[in-house]
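Q: No letters, just coordinates:
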């Protein structure tokens, strides 16, 4: 039961992330993607969404690789995407530094959850491994 709920949430999050990437590209066009920082962040968001969508459905890939491991990779990509967007930002004062630190800490937390899912089946985050 618990795994089914987590898996469905992966699908919802993955769908939202892919829709966000497609929507942003449709709204602003391809030109902003020429900036390496923007291209990296959008790619990481799209990759995260794609892995979460893949984790949510039964495919030959999910027969070979457990869905929660794919979701873990998605969390790592999402965690890396958060602070990447601020790398090229030229905000002045301590506000920019604080924002970078906060997003980096949040991203690091997501990366930690993702690593636990990918390597340990969520044993440390959920107090027991997620079962299929």
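A: Arrived safely, thanks for sending. All of these numbers come straight from a predicted model, not from anything done at the bench. Numbers count the residues shown, from 1 in each chain.
Q: Need the phi and psi values for residue 59.
A: Main-chain dihedrals, residue 59, degrees, to the nearest 10: phi -140, psi 170.
Q: Tally up the residues packed near it, please.
A: The burial count assigned to residue 59 is 13, neighbours taken as other C-beta atoms under 10 Å. Quick note: C-beta positions are derived from backbone N, CA and C, even for glycine.
Q: and what of residue 10?
A: Neighbourhood size, residue 10 [other C-beta under 10 Å]: 23.
Q: Would you tell me what the next helix or strand after the host helix or strand of it is?
A: In the assignment (DSSP states H and E), residue 10 maps to helix 2-28. Using DSSP H and E, the helix or strand that follows helix 2-28 in sequence is helix 36-56.
Q: circling back to that earlier point, show me what the helix holding residue 10 is packed against.
A: helix 36-56, helix 67-84 (3 or more C-beta pairs under 8 Å, 6 or more residues apart in numbering; DSSP states H and E).
Q: Report the distance from that helix to the chain centre.
A: 10 Å (C-alpha atoms, centre = their mean, to the nearest Å).
Q: cool, stretch 18-37 as well?
A: 17 Å.
Q: what does the average pLDDT come to for that stretch?
A: Mean pLDDT, computed over stretch 18-37, is 86.
Q: got a list of contacts for that stretch?
A: 38, 39, 42, 45, 46, 49, 50, 53, 84, 85, 87, 88 (C-beta atoms under 8 Å, 6 or more residues apart in numbering).
Q: so who does the second one touch?
A: This means residue 39. Counting by C-beta under 8 Å, 6+ apart, residue 39 has contacts residue 33.
Q: Could you check the angle the helix or strand encompassing residue 102 makes with helix 2-28?
A: Assigned by DSSP H and E, residue 102 belongs to helix 94-120. Counting by axes from the mean of the first three to the mean of the last three C-alpha atoms, to 10 degrees, helix 94-120 lies at 140 degrees to helix 2-28.
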